[in-house]
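>>> Any chance you could fold what I've pasted below:
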Amino acid sequence: MLYTCDACGKRRADQTIDSERNLAICPECGHAKPFARMPLFAVGGASCTGKTAVCKALVGKVPGVVALDGDVLWDGKSYSPRDTKPFYEDALRIAMNVAQSGLCVALFHAGFGVPPNLENCVARRYFSAIHYLDLYCSEEEQEKRLLRRPAAQGPGGAGFVKGMLGFNQFLRFHDFAAEGFPAPEKLDTTGRPLEETAAQVIAWIDARR
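Predicted structure coming up:
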């Protein structure tokens, strides 16, 4: 929607943004059009830290917020694990278009908790802010949860478990602010009922929109 100029018809993702007046300006002809520049909520975390369960719990429960699981895009075929940038660009593009209805979007997916994945996207400019939240749990609890998953029971399962345990620790302790990126807030889901975790995520969203 926003990538195509209403005047000249050229499609450019890199529109110039006038943040004071919420205008997207065509780099080809200079035509400016207003748009809804909304905040985005990015919730990440390693496998079995609670992302998908919380996303499902939020659907239809937070007025003015659309909760989307990144797996609606990531089907294992459309994107290469060696080049994930198109996946993040597409996720932001979808969220940006949903936002034109005046709705905030909360995106849930492992990589959304890594700020460079989104901050380096061309589509980042269409959001007033991106708020990051990383879910994590203790290594012991995560391993128990992982071992109950089919992915951990097939060939290469030990590698999958080891990788997710490492990613959990990475999100928990990595200093993104030292690299010039926003620092995600953290939420420990260890031993918490789903209802309590979901309520905390809702409160986090409500405090920032």
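
>>> for the protein, which strand is longest?
strand 129-136 (DSSP state E).

>>> which outside residues touch that strand?
39-46, 49-51, 54, 112-113, 115, 118-119, 124, 168, 171-172, 182-189, 197, 201, 204-205, 208 (Cβ atoms under 8 Å, 6 or more residues apart in numbering). Bear in mind the C-beta positions are built from the backbone N, C-alpha and C, glycine included.

>>> Of these, just the buried ones, ChimeraX syntax please.
Applying 16 or more other Cβ atoms under 10 Å to these, the buried members can be selected in ChimeraX as follows:
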select :39,40,41,42,43,44,45,46,49,50,51,54,112,113,115,118,119,124,168,171,172,182,184,187,188,189,197,201,204,205
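
>>> so what are the domain limits for this structure?
Here the domain parsing of the chain from automatic domain parsing is 1-35, 37-206.

>>> list the buried ones in the shortest one?
Under the neighbour-count criterion of 16+ other Cβ under 10 Å, domain 1-35 has 2-3, 5, 12, 15, 17, 23-26, 32, 35 buried.

>>> And the average pLDDT for it is what?
Averaged over domain 1-35, pLDDT sits at 95.

>>> for stretch 201-209, same thing?
For stretch 201-209, mean pLDDT is 95.

>>> ok so, going back, inside helices: which ones of the buried residues of domain 1-35?
Judged by DSSP state H, the subset of the buried residues of domain 1-35 located in helices is empty.

>>> Residue ranges in the chain under the pLDDT threshold?
76, 151-156 (pLDDT under 70).

>>> Show me where it has its strands.
For the chain, the strands defined by DSSP E occupy 16-18, 23-25, 32-34, 39-44, 65-69, 104-108, 129-136, 185-188.

>>> Stretch 98-106: which residues count as buried?
98-99, 104-106.
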